[in-house]
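Undergrad: got a predicted model here, sequence first, then my questions.
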Amino acid sequence: MSTATNTPQPVPPAPPDPPARVHVPARVLVVDDDPTVAEVVTGYLSRAGHTVHHAADGPAALESAARHDPDLVVLDLMLPGIDGLEVCRRLRADRPVPVIMLTARGDEDDRIAGLELGADDYVTKPFSPRELVLRVESVLRRSRAAAPWSPGPGLLTGAGIRLDPQTRRAVKNRRELTLTLREFDLLAHFLTRPGQAHGRQELMRDVWGWDFGDLSTVTVHVRRLRAKIEDDPAAPRLIQTVWGVGYRFDVSGEDGAR
(Lines give C-alpha, C1' and ligand atoms only; values in the text may rest on other atoms or scores of the structure.)
Protein backbone atom coordinates (compact mmCIF):
# COMPACT_ATOMS: atom_id res chain seq x y z
CA MET A 1 0.00 0.00 0.00
CA SER A 2 1.55 3.24 -1.13
CA THR A 3 1.69 6.30 1.03
CA ALA A 4 0.25 9.50 -0.48
CA THR A 5 2.65 12.38 -0.70
CA ASN A 6 1.32 15.70 0.54
CA THR A 7 2.42 17.88 -2.37
CA PRO A 8 1.90 21.58 -1.65
CA GLN A 9 -0.74 23.03 -3.88
CA PRO A 10 -0.04 26.34 -5.62
CA VAL A 11 -1.72 29.27 -3.96
CA PRO A 12 -4.02 31.04 -6.43
CA PRO A 13 -3.17 34.70 -6.93
CA ALA A 14 -5.19 37.12 -4.89
CA PRO A 15 -7.90 38.94 -6.84
CA PRO A 16 -6.91 42.49 -7.76
CA ASP A 17 -8.09 45.23 -5.46
CA PRO A 18 -11.11 47.09 -6.76
CA PRO A 19 -10.17 50.37 -8.37
CA ALA A 20 -10.05 53.14 -5.84
CA ARG A 21 -12.40 56.02 -6.28
CA VAL A 22 -10.51 58.92 -7.71
CA HIS A 23 -10.89 61.84 -5.35
CA VAL A 24 -9.63 65.29 -6.23
CA PRO A 25 -9.62 67.63 -3.23
CA ALA A 26 -11.30 70.97 -3.83
CA ARG A 27 -11.53 74.38 -2.20
CA VAL A 28 -15.04 74.76 -0.84
CA LEU A 29 -16.52 77.93 0.65
CA VAL A 30 -19.34 77.32 3.14
CA VAL A 31 -21.54 80.38 3.72
CA ASP A 32 -23.98 80.05 6.63
CA ASP A 33 -24.66 82.24 9.66
CA ASP A 34 -25.79 79.29 11.81
CA PRO A 35 -22.64 78.19 13.66
CA THR A 36 -23.96 74.66 14.24
CA VAL A 37 -24.79 74.07 10.58
CA ALA A 38 -21.50 75.62 9.50
CA GLU A 39 -19.50 73.47 11.91
CA VAL A 40 -21.19 70.24 10.79
CA VAL A 41 -20.92 70.98 7.06
CA THR A 42 -17.32 72.15 7.37
CA GLY A 43 -16.41 69.05 9.38
CA TYR A 44 -17.94 66.59 6.93
CA LEU A 45 -16.38 68.28 3.89
CA SER A 46 -12.97 68.46 5.60
CA ARG A 47 -13.11 64.75 6.45
CA ALA A 48 -13.93 64.11 2.78
CA GLY A 49 -10.56 65.65 1.92
CA HIS A 50 -11.58 69.15 0.88
CA THR A 51 -10.09 72.45 1.99
CA VAL A 52 -12.98 74.36 3.54
CA HIS A 53 -13.37 78.05 4.33
CA HIS A 54 -16.34 79.49 6.20
CA ALA A 55 -18.08 82.85 5.98
CA ALA A 56 -20.98 83.88 8.23
CA ASP A 57 -22.50 86.68 6.16
CA GLY A 58 -22.75 88.01 2.63
CA PRO A 59 -19.89 90.54 2.64
CA ALA A 60 -17.54 88.00 4.25
CA ALA A 61 -18.57 85.45 1.61
CA LEU A 62 -17.64 87.76 -1.27
CA GLU A 63 -14.36 88.69 0.43
CA SER A 64 -13.49 85.02 1.05
CA ALA A 65 -14.38 84.07 -2.53
CA ALA A 66 -12.08 86.78 -3.86
CA ARG A 67 -9.25 85.69 -1.56
CA HIS A 68 -9.48 81.88 -1.86
CA ASP A 69 -10.96 81.39 -5.36
CA PRO A 70 -13.15 78.42 -4.33
CA ASP A 71 -13.95 75.53 -6.65
CA LEU A 72 -17.49 75.39 -5.21
CA VAL A 73 -19.66 77.42 -2.84
CA VAL A 74 -22.25 76.01 -0.41
CA LEU A 75 -24.49 79.03 0.11
CA ASP A 76 -27.33 79.62 2.56
CA LEU A 77 -30.04 81.90 1.21
CA MET A 78 -30.86 83.66 4.49
CA LEU A 79 -27.76 85.69 5.32
CA PRO A 80 -27.11 88.95 7.18
CA GLY A 81 -25.54 91.85 5.36
CA ILE A 82 -26.13 90.67 1.80
CA ASP A 83 -28.63 87.88 1.21
CA GLY A 84 -27.72 84.62 -0.52
CA LEU A 85 -29.45 85.49 -3.79
CA GLU A 86 -27.39 88.66 -4.19
CA VAL A 87 -24.22 86.82 -3.20
CA CYS A 88 -24.99 84.19 -5.84
CA ARG A 89 -25.64 86.87 -8.46
CA ARG A 90 -22.30 88.58 -7.76
CA LEU A 91 -20.39 85.31 -7.68
CA ARG A 92 -21.89 84.19 -10.97
CA ALA A 93 -21.20 87.60 -12.55
CA ASP A 94 -17.51 87.26 -11.68
CA ARG A 95 -17.03 83.69 -12.95
CA PRO A 96 -19.12 80.50 -13.27
CA VAL A 97 -18.21 79.01 -9.89
CA PRO A 98 -20.55 76.12 -9.00
CA VAL A 99 -23.03 76.99 -6.26
CA ILE A 100 -25.12 74.66 -4.08
CA MET A 101 -27.82 76.53 -2.19
CA LEU A 102 -29.13 75.70 1.26
CA THR A 103 -32.80 76.61 1.61
CA ALA A 104 -35.57 76.24 4.15
CA ARG A 105 -38.11 73.63 3.15
CA GLY A 106 -40.89 76.11 2.38
CA ASP A 107 -38.87 78.72 0.47
CA GLU A 108 -39.89 77.62 -3.03
CA ASP A 109 -39.82 81.12 -4.52
CA ASP A 110 -36.29 81.78 -3.24
CA ARG A 111 -35.17 78.35 -4.41
CA ILE A 112 -36.47 78.98 -7.93
CA ALA A 113 -34.89 82.44 -7.91
CA GLY A 114 -31.57 80.86 -6.96
CA LEU A 115 -31.79 78.36 -9.80
CA GLU A 116 -32.61 81.16 -12.21
CA LEU A 117 -29.48 83.00 -11.06
CA GLY A 118 -27.42 79.96 -12.04
CA ALA A 119 -27.18 77.82 -8.88
CA ASP A 120 -26.25 74.27 -9.85
CA ASP A 121 -28.05 72.43 -7.07
CA TYR A 122 -29.86 73.00 -3.81
CA VAL A 123 -30.39 71.14 -0.54
CA THR A 124 -33.32 71.82 1.77
CA LYS A 125 -32.94 72.12 5.55
CA PRO A 126 -32.85 69.98 7.55
CA PHE A 127 -30.53 67.81 5.48
CA SER A 128 -28.17 64.87 5.80
CA PRO A 129 -24.56 66.07 5.89
CA ARG A 130 -23.49 62.94 4.02
CA GLU A 131 -26.02 63.69 1.29
CA LEU A 132 -24.61 67.21 1.02
CA VAL A 133 -21.08 65.82 0.62
CA LEU A 134 -22.33 63.56 -2.19
CA ARG A 135 -24.04 66.52 -3.87
CA VAL A 136 -20.84 68.57 -3.58
CA GLU A 137 -18.73 65.82 -5.15
CA SER A 138 -21.29 65.24 -7.89
CA VAL A 139 -21.21 68.91 -8.89
CA LEU A 140 -17.42 69.04 -8.63
CA ARG A 141 -17.03 66.07 -10.97
CA ARG A 142 -19.04 67.95 -13.58
CA SER A 143 -17.23 71.22 -13.14
CA ARG A 144 -13.57 70.30 -13.54
CA ALA A 145 -11.79 72.76 -15.80
CA ALA A 146 -11.78 71.91 -19.51
CA ALA A 147 -9.47 72.76 -22.39
CA PRO A 148 -10.47 75.41 -24.94
CA TRP A 149 -13.30 74.29 -27.18
CA SER A 150 -12.38 72.09 -30.12
CA PRO A 151 -14.36 69.29 -31.78
CA GLY A 152 -13.51 65.89 -30.32
CA PRO A 153 -14.81 62.33 -30.19
CA GLY A 154 -18.45 62.15 -29.24
CA LEU A 155 -19.30 65.60 -30.57
CA LEU A 156 -23.06 66.19 -30.42
CA THR A 157 -24.67 68.31 -33.10
CA GLY A 158 -28.14 69.45 -34.06
CA ALA A 159 -30.13 72.59 -34.81
CA GLY A 160 -27.02 74.70 -35.30
CA ILE A 161 -25.53 73.51 -31.97
CA ARG A 162 -22.20 71.75 -31.49
CA LEU A 163 -21.57 70.33 -28.03
CA ASP A 164 -18.37 68.61 -26.94
CA PRO A 165 -18.84 66.40 -23.85
CA GLN A 166 -15.08 66.03 -23.36
CA THR A 167 -14.32 69.73 -23.07
CA ARG A 168 -17.81 70.61 -21.83
CA ARG A 169 -18.10 73.47 -24.32
CA ALA A 170 -21.08 74.28 -26.53
CA VAL A 171 -21.37 76.51 -29.61
CA LYS A 172 -24.46 77.67 -31.49
CA ASN A 173 -23.98 79.19 -34.92
CA ARG A 174 -20.29 79.85 -34.11
CA ARG A 175 -21.17 81.63 -30.86
CA GLU A 176 -20.05 79.98 -27.63
CA LEU A 177 -22.83 79.34 -25.14
CA THR A 178 -22.33 80.16 -21.48
CA LEU A 179 -24.02 77.24 -19.74
CA THR A 180 -24.15 76.15 -16.13
CA LEU A 181 -23.29 72.54 -15.32
CA ARG A 182 -26.90 71.38 -15.28
CA GLU A 183 -27.80 73.36 -18.39
CA PHE A 184 -24.96 71.66 -20.24
CA ASP A 185 -26.04 68.20 -19.07
CA LEU A 186 -29.66 68.92 -19.96
CA LEU A 187 -28.72 70.09 -23.46
CA ALA A 188 -26.51 67.02 -23.97
CA HIS A 189 -29.39 64.80 -22.88
CA PHE A 190 -31.70 66.44 -25.42
CA LEU A 191 -29.14 66.29 -28.24
CA THR A 192 -28.59 62.57 -27.79
CA ARG A 193 -32.33 61.91 -27.96
CA PRO A 194 -33.74 64.25 -30.63
CA GLY A 195 -37.48 64.05 -31.21
CA GLN A 196 -38.07 62.05 -28.04
CA ALA A 197 -40.54 63.24 -25.40
CA HIS A 198 -39.14 63.46 -21.86
CA GLY A 199 -41.13 63.72 -18.64
CA ARG A 200 -39.84 66.03 -15.93
CA GLN A 201 -39.46 63.12 -13.51
CA GLU A 202 -37.42 61.26 -16.14
CA LEU A 203 -35.19 64.29 -16.68
CA MET A 204 -34.69 64.68 -12.94
CA ARG A 205 -33.60 61.05 -12.73
CA ASP A 206 -31.41 60.95 -15.85
CA VAL A 207 -29.84 64.44 -15.73
CA TRP A 208 -29.80 65.25 -12.01
CA GLY A 209 -29.50 61.67 -10.78
CA TRP A 210 -32.33 62.19 -8.29
CA ASP A 211 -35.07 59.63 -7.80
CA PHE A 212 -37.26 62.29 -6.21
CA GLY A 213 -37.23 66.04 -5.77
CA ASP A 214 -38.86 69.32 -6.65
CA LEU A 215 -39.82 69.14 -10.33
CA SER A 216 -39.74 72.93 -10.57
CA THR A 217 -35.96 72.47 -10.76
CA VAL A 218 -36.40 70.95 -14.22
CA THR A 219 -38.86 73.66 -15.28
CA VAL A 220 -36.48 76.45 -14.28
CA HIS A 221 -33.50 74.89 -16.06
CA VAL A 222 -35.51 74.35 -19.24
CA ARG A 223 -36.55 78.01 -19.13
CA ARG A 224 -32.93 79.12 -18.64
CA LEU A 225 -31.71 76.86 -21.44
CA ARG A 226 -34.35 78.19 -23.81
CA ALA A 227 -33.19 81.72 -23.07
CA LYS A 228 -29.70 80.76 -24.26
CA ILE A 229 -30.39 78.63 -27.35
CA GLU A 230 -33.73 79.82 -28.75
CA ASP A 231 -34.04 82.76 -31.16
CA ASP A 232 -37.29 83.66 -29.39
CA PRO A 233 -37.54 82.02 -25.94
CA ALA A 234 -41.19 83.12 -25.70
CA ALA A 235 -41.98 81.00 -28.77
CA PRO A 236 -39.50 78.11 -28.50
CA ARG A 237 -38.83 76.03 -31.61
CA LEU A 238 -36.10 73.75 -30.25
CA ILE A 239 -37.21 72.73 -26.75
CA GLN A 240 -40.92 72.25 -27.22
CA THR A 241 -43.47 71.60 -24.49
CA VAL A 242 -45.32 68.31 -24.81
CA TRP A 243 -48.49 68.95 -22.85
CA GLY A 244 -49.16 66.36 -20.18
CA VAL A 245 -45.70 64.81 -20.67
CA GLY A 246 -42.81 67.27 -20.53
CA TYR A 247 -40.44 68.40 -23.26
CA ARG A 248 -39.11 67.38 -26.65
CA PHE A 249 -35.99 68.62 -28.46
CA ASP A 250 -36.82 69.24 -32.11
CA VAL A 251 -33.71 69.35 -34.31
CA SER A 252 -35.85 70.57 -37.19
CA GLY A 253 -36.58 73.73 -35.24
CA GLU A 254 -33.68 75.36 -37.09
CA ASP A 255 -32.07 74.60 -40.39
CA GLY A 256 -28.90 72.80 -39.35
CA ALA A 257 -25.56 74.35 -38.51
CA ARG A 258 -24.78 77.71 -40.01
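TA: Sure, I can see it.
Undergrad: tell me where the protein has strands.
TA: Assignment of strands within the chain using DSSP state E yields the ranges 27-31, 51-55, 72-76, 99-104, 121-125, 156-158, 161-164, 169-172, 175-176, 197-199, 239-242, 246-249.
Undergrad: please name every helix or strand in contact with the helix or strand bottoming out on mean pLDDT in the chain.
TA: Counting by mean pLDDT, DSSP states H and E, the chain has its least confident helix or strand at helix 108-116, which shows a mean of 73. Contacting helix 108-116 under the criterion 3 or more Cβ pairs under 8 Å, 6 or more residues apart in numbering; DSSP states H and E are the following elements: helix 84-94, strand 99-104, strand 121-125, helix 216-229. Every C-beta, even on glycine, is put in place using the N, C-alpha and C of the backbone.
Undergrad: nearest to residue 188 among those would be which one?
TA: helix 216-229 (11.0 Å; Cβ to Cβ).
Undergrad: list of residues touching that closest one?
TA: Judged by Cβ atoms under 8 Å, 6 or more residues apart in numbering, the contacts made with helix 216-229 from elsewhere in the structure are 108, 111-112, 115-116, 118, 122, 159, 161, 172, 177-180, 182-183, 186-187, 200, 203-204, 207-208, 233, 236, 238-239, 246-247.
Undergrad: tell me, how many residues neighbour residue 103?
TA: Here the count is done by other Cβ atoms under 10 Å, and residue 103 has 22 residues near it.
Undergrad: return the distance of the nearest residue to it once chain neighbours are set aside relative to residue 79.
TA: The shortest distance from residue 103 to any non-neighbouring residue, by Cβ to Cβ, 6 or more residues apart in numbering, is to residue 111 (4.8 Å). The span separating residue 111 from residue 79 equals 15 Å under the rule Cβ to Cβ, to the nearest Å.
Undergrad: quick one: low-confidence parts of the stretch 1-150 of the chain?
TA: Applying pLDDT under 70 to the predicted model, the residue ranges of the stretch 1-150 of the chain that meet it are 1-24, 105-108, 144-150.
Undergrad: what about 50?
TA: Confidence mapping of the stretch 1-150 of the chain against pLDDT under 50 gives the ranges 1-22, 145-150.
Undergrad: what does the stretch 151-258 of the chain give?
TA: Judged by pLDDT under 50, the stretch 151-258 of the chain has its weakly predicted residues at 151-152, 255-258.
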